[in-house]
Each structure stands twice: as structure tokens, then as C-alpha cells.
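>>> fold the following, please.
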Amino acid sequence: MVDTLTPDICVVGGGPAGIAAALGAAGEGASVVLVEKSEFGGVYHAEAVRARALAAAAGIRETLRQAPAMGVSAAPVEVDLARVRDAVDEAAIGAAAVVRPERLKALGVDIVHGAAAFTDRRTLQVGATAIRPARFVLAVGATRPPPGIAGIGEIDVLTAQNPVDLGHKPTHVVVLGAGSTALEMAQSYQRLGIDASVIATGQMLGGFDREQADIVAERLRAEGVRLRAGYVVESVQKRRGGMRLTLGEPGRKDAPQTTVDASHLFIAGGRHPNVEGLGLREAGIEHGPDGVAVDARLRTTNPRVFAVGDCIAGTATAARATAQAQAVVARLMGRTVPRPDSISAVRTAHTDPAIATVGLSEDDAHARGEKVRALRTAFAETLQAGIERRPHGYLKVVVSESGRVLGASAVGHGALEVLTPWSLAVSRRLDVDAMARLSVPTPSTSEVTPLAAAMRRGPDRAPGWRFGMRRFFRTLS
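Numbers count the residues shown, from 1 in each chain. Model prediction:
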């Protein structure tokens, strides 16, 4: 017997985007069914939490290494990788508790477990259950496919799901990828006393402000991480105690080959939308290699179905996916919201120094024909930088001629926290003068925000009427 459910909204996928959509709609009184075939939390909890936990352990070791500079002496620091693995696992278990099905049910979301597939434009089948809601939200995410490297199937590889499943004592971990995850993991391994290299076809941290990305790359080199950009791994051969990688240069068949020996290989790149078996053709939903096709409002070619997150084209981040889900839910609830393509989700690299960026970069603004000004303020101008002996890093804000905040980026210790108020400024289209009046704790790295905002109003930037007011007040003295 087929059980038929008719909720207001059916969300397919229990990752960050799916959970945000389900809780958002349920919180506004809609009846919601959330379908998930495996674990809730998706890639975010399976990978990101483990990567952050490993970085936290590595960061503690780095702090202890630098302690003598602050007058603190410690015994020789030792790393027990088995206990590090336990700490990473505990962090993942704790994070999973936040998205457990029981909590979602208590918040008004009905859960259906199982693989889902559309049978027609209005019906989703999950086992013996047919779901016919008013609207669907696809949030099925993406996975990392195995790279097409000769011999890769003969070796065990590491990913962010198992970053410390090392098997035998590591001597040299090679990380494949050019994005934030690749550099984060390489730095973590290096700080734990394991030699690390990064091999990438393209530019390191592409998509971030180039000047800021170069600061991070230089720091990693100073710590001992070897960065090899412009190479592709052509083959990998298993050897006693590890493997040998053969490298080539893309587009150059006559280039000499280079070999690199490693004990472990970490795969950080690649993304493949999870759309196989969903019955998208039966639902009338167009899709391709980049994922599900959507319009500017994130609506698919089936007007009943919206798609958000990593299953559509664009930068795959939890922040972007969550922002899209919130926008779709707000629209379904009848509220006027900004077009999803104008929503600026923060992108980050959790390296040390960290990078965070939101909105338009200076180059992006120029490409759109905008006349902008970039306001830069060094972290060294804050009291906190001197106290912690962390003077490196800066905040960069892109403002229009009228003073509206178009984008911001920061690099340095505390960059993630520094950028938070600027994310609000970009999404709410605030004037930079509002940020100059922001009250922040002192001493703190956050002091850089009003300092940067105040730079717009230098003597050569004040409107003419302000000079007239100054002359008027001088006549009163």
C-alpha cells in the first residue's frame, strides 16, 4: 500500500542547505517533509568539521612552539596521532548531534529516510511513500569523484572524511588541489610534524584576492609546506612505504616529467552534483555536468521545484548554500527578498593567516564598470595586534562613489571575525559611514572595522558643505 504525503514543502537532502530550508519553512508554520537517504549534515559535517578539528590540534602545537617568544617555556611537544584522530572523531560526533533527526522532528520537520526519485512532475517516490507537496526544494549536494589518475585505485587515499586514517607513520603527505581545503590540510599536517606538499594544476587559492592569497602562500612556504602550482599528477605507483607520483605540465606533452615520493596522498579537489537516480527527466528538470539548471530565482525548469547549494553551478560552500535556502524559503512564504544572485555569502580559507571575503572584489567591481575606492587598514593599527604580537594582515573594503559597501576581504589572525559585520553591510547595502560609527570591543582586532570605514572621510573626501560648516563653527569661537 502506498502512503501519500501532501506537505506544503518537501526538501530533498539533509545537508546544510536542506536543513536550513526545512527549519526555516517549519519555523514560519509551513508543513515540511525532509528526505535524506544517508546521514544528516552532508559534506559539511562529514568533512569540514573534521578538517577544522585537525587544524585546531595543529594550531595548539604551533602555539606551543611559539610560546618561548612570549616568555612561556614548555616541555618538548609530542604529537600522538592516534589521540589526534580520537579528538577529530569526537568533534564530528558532537557536530552530528546538532542535526540529529530527533531534534529536527522536535522543531516541526517530518523526516522520511530513503533514496528519492521523481515519478512525474509533481510526485517524489521514497520507498513505499509518495510525496506530492505544493513545492519542492532540491538540496542534494555534491560529492568528490575519484580523480582520473593512472594507478590511483591501487592505493588508499585520504580525504577530509578521514584526514588522520594514516595506517602507518607518515613521512610526507602530498595534497592534491588548489583550493582552501588543500592549503588548510597541508598546513595542518606540516604543523603536526609531517612534511607536506601541495600539487595543483591552477593558481593557489584562485577566486580570492590575489594579494591576500599570496600572503597565505608565503606563510605556508615559511612553515615548510612545498607548493607546486602548474602541475598535474599523471600516474601514481605503489612502492614500499608509500608511493611515487609522476607529474606533468598541462598542455605541454614535451615537458620533462617530475617524480615525487610520498607516504600518503590527500585528495582535496573535484565536485560532482548528486543528481543521478533522482528522476530529473521524469520531473521535467534540466541538468548538466555542473548540476541542476536554475534561473535567477533558483527555480528549475519545473516551476514547482527549486534547487540550492552544491547541486547547482557555483562555488561550493555551506554559507552560500544556506543563504540560497533562506532566500527560497522567504520567497515561498510570500516575502520580498533580494534576488538570490545578489546574495553575498562569505567565502573563507581557514588557514593561518585566514582569509575571508564577501561581495565584490576590486577587480570584480571594475569589470562591472563600477567606479570604486578600496579602503585598506592594517591589523597592526589595532592595540590587539601589538598585544598578541600578530601584526600581519589587513582589511580591504570596496566602496562605490556614493559610499555603499560593495565588498570586503580580510587576511590575518582574526580575519573571519573581522569580516562578519561587513557581510551584513554588503547584504543590507549599507553606507560605509554606518560602519565608521560601529561600536566594537577594545582592545580587539575588530577595531580595524571603524578605522577602515573612517578612511573614506579624509580631508580630500569631505563634501564641500562640510568645509562650509567648519568655517561657520570657527566664527562662533
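>>> any regions of this protein where pLDDT drops low?
1-2, 43-46, 167, 338-343, 458-477 (pLDDT under 70).
>>> could you list the domains of it?
Following automatic domain parsing, the chain resolves into domains at 3-41+99-144+272-342, 152-267, 353-457.
>>> how about residue 263, what does it touch?
With contact taken as CB atoms under 8 Å, 6 or more residues apart in numbering, residue 263 is in contact with 168-173, 241-243. From N, CA and C alone the C-beta is placed, and that goes for glycine too.
>>> phi, psi for residue 111 please.
phi -110, psi 130 (degrees, to the nearest 10).
>>> which non-adjacent residue is nearest it?
Spatially, and ignoring its direct neighbours in sequence, residue 111 is nearest to residue 101 (4.9 Å; CB to CB, 6 or more residues apart in numbering).
>>> could you check how far that neighbour is from residue 34?
Remark: distance between residue 101 and residue 34 (CB to CB, to the nearest Å) = 9 Å.
>>> give me the more crowded residue out of these two.
Legend: neighbour count by other CB atoms under 10 Å for residue 101 and residue 34, higher for residue 34 (29 against 14).
>>> measure the nearest residue to that one once chain neighbours are set aside to residue 161 for me?
Take residue 34 and drop its neighbours on the chain: the residue closest to it by CB to CB, 6+ apart is residue 22, 4.4 Å away. The gap separating residue 22 from residue 161 is 24 Å, by CB to CB.
>>> tell me how many other residues crowd residue 457.
Neighbours around residue 457, by other CB under 10 Å: 15.
>>> need the contact list for it.
Here residue 457 is in contact with 433, 436 (criterion: CB under 8 Å, 6+ apart).
>>> centroid residue for the chain?
residue 317 (4.0 Å; CA atoms, centre = their mean).
>>> any idea how far that one is from residue 124?
Distance, residue 317 to residue 124, using CB to CB: 27 Å.
>>> before we move on, back to that, show me what contacts the residue nearest to the centre of the chain?
So residue 317 contacts 345, 347-348 (CB under 8 Å, 6+ apart).
>>> switch to 7 Å and redo it
345, 347 (CB atoms under 7 Å, 6 or more residues apart in numbering).
>>> that older thread, mind putting the domains of the chain in JSON lines, distance to residue 75 included?
As requested, the domains of the chain are exported to JSON lines (distance: least, CB to CB, whole Å):
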{"stretch": "domain 3-41+99-144+272-342", "distance to residue 75": "38"}
{"stretch": "domain 152-267", "distance to residue 75": "15"}
{"stretch": "domain 353-457", "distance to residue 75": "22"}
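>>> between those, which one is closest to residue 73.
domain 353-457 (16.7 Å; CB to CB).
>>> report the distance from that closest one to the chain centre.
19 Å (CA atoms, centre = their mean, to the nearest Å).
>>> likewise for stretch 100-109?
Relative to its chain's centre, stretch 100-109 lies at 26 Å (CA atoms, centre = their mean).
>>> perfect, that will be all.
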